[in-house]
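Colleague: got a sequence here, can you model it:
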Amino acid sequence: MSNDTSFSEFLLQGFSDTRELQLLHFALFLGIYLAALLGSADYYLLTVMAYDRFVAICRPLHYGILMDSRSCVKVAAAAWASGFLNALLHTANTFAIPLCQGNTVDQFFCEIPQILKLSCADAYLRELGLLVVSLCLAFGCFIFIVLSYVQIFTAVLRIPSEQGRHKAFSMCLPHLAVVSLFLSTALFAYLKPPSLSSPALDLVVTVLYSVVPPAVNPLIYSMRNKELQDALKKLIQWAQSQH
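Modeller: Below is the predicted model of the structure:
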């Protein structure tokens, strides 16, 4: 007979044992996750934001056409759809394995690497497949972001006005900061050796890549709207002077 035991629910470890703080954390993170409903879509949205800045700085005369409201809706829908399909693939793959090592997940959400630790089967191939698929998708977005910013910086350095260069860089720096934070912490979370793993460190790293970027994305968007108007004026004037 098999000793495998299946579980229909998981016990998530919180940040605190204090009931009041648990309720506060629940409300806070529920709001954040409802605002960023699709776990992996955030990276695709950051990629779209890189394209938005590329068009604004490198194609300012065509920005109103390339990034009109209809185009923005389409790219946002594509990002959310990609995130949903990616999450669906990983979720189906993860929960297809038998879980018999208890039902306590040492995280504040059902993070896939933590769930794989509960498997009573050898999950090496599944973890490897998960890692390969995730890295391929992440690498593709990363290359797109890098190529966008190479062209952005090349265009910015050609702007003769120091004020114009400052405006263009100001529009890009918040986005670059969030992309750097997301990539560095996510790669560390999934590629760090087991010897460096600890509940406290895993918790901090997970918050940095799963909670902070979606939470600050609205701030980046609002700053982008403010900076974009001023930057586009300077860039359009410079672009018109080149023709």
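Colleague: could you use CA atoms for every contact and neighbour count after this?
Modeller: Noted.
Colleague: in stretch 60-74, which residues are buried?
Modeller: Using 16 or more other C-alpha atoms under 10 Å as the test for burial, stretch 60-74 gives 60-61, 63, 66-67.
Colleague: most widely separated two among these?
Modeller: 61 and 67 (11.2 Å; C-alpha to C-alpha).
Colleague: past the helix or strand harbouring residue 86, which element shows up next along the chain?
Modeller: According to DSSP states H and E, residue 86 maps onto helix 69-94. Counting by DSSP H and E, the element after helix 69-94 in chain order, helix or strand, is strand 104-105.
Colleague: tell me what the one helix or strand residue 175 maps to is packed against?
Modeller: Assigned by DSSP H and E, residue 175 belongs to helix 162-191. Packing partners of helix 162-191 (3 or more C-alpha pairs under 8 Å, 6 or more residues apart in numbering; DSSP states H and E): helix 41-58, helix 124-157, helix 199-210, helix 212-241.
Colleague: residue 80 and residue 70: what is the separation?
Modeller: Distance of residue 80 to residue 70, computed by C-alpha to C-alpha, to the nearest Å: 16 Å.
Colleague: who's in contact with the residue nearest to residue 178 when sequence neighbours are not counted?
Modeller: In this structure, residue 178 finds its nearest non-sequential neighbour in residue 213, 6.1 Å apart by C-alpha to C-alpha, 6 or more residues apart in numbering. By C-alpha atoms under 8 Å, 6 or more residues apart in numbering, residue 213 lies in contact with 42, 178, 181-182.
Colleague: just flag the most distant two among those.
Modeller: 42 and 181 (12.6 Å).
Colleague: who has more neighbours, those two?
Modeller: Each of residue 42 and residue 181 has its neighbours counted (other C-alpha atoms under 10 Å); residue 42 has more, 21 against 15.
Colleague: quick check: the more buried one touching residue 214?
Modeller: Yes: with contact defined as C-alpha atoms under 8 Å, residue 42 counts as touching residue 214 (6.4 Å).
Colleague: hmm, who's touching stretch 176-183?
Modeller: 46, 208-210, 213.
Colleague: buried ones in it, by neighbour count?
Modeller: Buried residues in stretch 176-183 (16+ other C-alpha under 10 Å): 176, 178-179, 182.
Colleague: stretch 125-138 now?
Modeller: So for stretch 125-138, counting by 16+ other C-alpha under 10 Å, buried means 130, 138.
Colleague: output the below-cut-off pLDDT ranges for the protein.
Modeller: When residues are selected by pLDDT under 70, those of the chain lie in 1-17, 29-40, 101-103, 106-111, 113, 121-124, 126-127, 218-243.
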